[in-house]
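**Q** Generate a structure from the sequence data that follows.
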Amino acid sequence: MVAGFHSFHWHGSELADAELDRALDELTSPTERDAYLRAFSSMLHSGNTVAAGIALDHFQYSGALTRFGGESALEQYEAEALAVARELLRLPPTPEDDVTFEGANHLSALNTIGAHDAEASDAGPISDLLETAASEMVRHKALWVAYGAFKKAKSPDPRLLGIVHDLVSGPALSGHEELALHVLGDTLGPEANPFLIRALASDDVSVQVEAAWQLSHPRRIEGHRELLTGVAGSWPALTGRPRFLAAQVRKRALDGGSG
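**A** Okay, the predicted model is just below:
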């Protein structure tokens, strides 16, 4: 049980229901385990978007504690939480108000599903969000979930693939180019190569570096060494992660090292 935690995205939102208000009080200040679990289940299955969003945030927060040696009292609700999260993905974005942002329901849902629990069947809703997301924060998280959808699919969903490609190669910078290249390069086979090669011509050097890094992977590099050597030779002095990746690209292109 988690005492003192309200939610990631819903603090100050009104539930407008006395029973749900009591359930929220139990979630944030648990009295005992059974009451806490009843409160969670009540909010999760309430049909109230705010309540369900808060419940999903609790599920995610409780689960995150297990990475630090804690226990999640809500683990038994995983299948139910994922089902509700997928329901929220199909709803319109919740409106912005004084206490939360537009599309908070989608972010709570995406955080719950994540790349780990995404399925190939999530490609449709993820595609919808990538096209119509209420904010770039929601779009960024949807792109992470797309990683899992690609990973679980026998073959990439054509619509989702096209949308992710457009984030890399569209007429204007999307702000998601590097993550999109990571998703394509890390989850797909040879079908990612044309997208990665096109990205080498980007005006953004950091996008070029990410594309080159993906293309220099040992399973992709054969046939691309000369191209990568030429592109890498055009890069200016870099710092941070791009500098590290650029060094690895040059190493792989020249001697085939795995990096």
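
**Q** which residues touch the residue nearest the centre of the chain?
**A** Nearest to the geometric centre of the chain sits Trp144, at 2.5 Å (Cα atoms, centre = their mean). Counting by Cβ atoms under 8 Å, 6 or more residues apart in numbering, Trp144 touches 110, 114-115, 179, 183. In short, each C-beta sits where N, CA and C put it, glycine included.

**Q** Of those residues, which belong to helices?
**A** 110, 114-115, 179, 183 (DSSP state H).

**Q** Tell me the one of the residues you listed nearest Ala134?
**A** Nearest to Ala134 out of the ones in helices among the contacts of Trp144 is Leu110 (Cβ to Cβ; 12.0 Å).

**Q** which one is the closest one nearest to, not counting chain neighbours?
**A** Closest residue to Leu110 apart from its sequence neighbours, by Cβ to Cβ, 6 or more residues apart in numbering: Lys141 at 4.3 Å.

**Q** Now do the buried residues in the helix or strand that neighbour falls within.
**A** Lys141 is part of helix 136-152, with elements assigned from DSSP states H and E. Under the neighbour-count criterion of 16 or more other Cβ atoms under 10 Å, helix 136-152 has 137-152 buried.

**Q** Just give me the closest of those to Ala201.
**A** Relative to Ala201, the closest of the buried residues of helix 136-152 is Leu143; by Cβ to Cβ it sits at 21.5 Å.

**Q** how close does the closest one sit to Glu136?
**A** Using Cβ to Cβ, to the nearest Å, Leu143 is found at 10 Å from Glu136.

**Q** list residues touching both of those two?
**A** Both Leu143 and Glu136 are in contact with His176, where contact means Cβ under 8 Å, 6+ apart.

**Q** now Asp98, nearest residue through space, not along the chain?
**A** Residue nearest to Asp98 in three dimensions, not counting chain neighbours: Gly12, with 7.5 Å by Cβ to Cβ, 6+ apart.

**Q** since we're on the one you found, how many residues are nearby?
**A** Residues near Gly12, counting by other Cβ atoms under 10 Å, number 10.

**Q** ok, and it, which helix or strand is that part of?
**A** Gly12 belongs to no helix or strand when assigned by DSSP H and E.

**Q** need the contact list for Gln60.
**A** The contact partners of Gln60, by Cβ under 8 Å, 6+ apart, come to 8, 108, 111-112.

**Q** who wins for most neighbours among these?
**A** Ser108 (29 neighbours).

**Q** Quick check, pLDDT for that one.
**A** Per-residue confidence at Ser108 stands at 96 (pLDDT).

**Q** Surely it is in contact with His9?
**A** Yes: using Cβ atoms under 8 Å, Ser108 is in contact with His9, at 5.7 Å.

**Q** Tell me which stretches of this protein form helices.
**A** 18-28, 33-44, 49-64, 78-89, 104-117, 123-132, 136-152, 158-169, 177-187, 193-199, 205-215, 225-232, 240-255.
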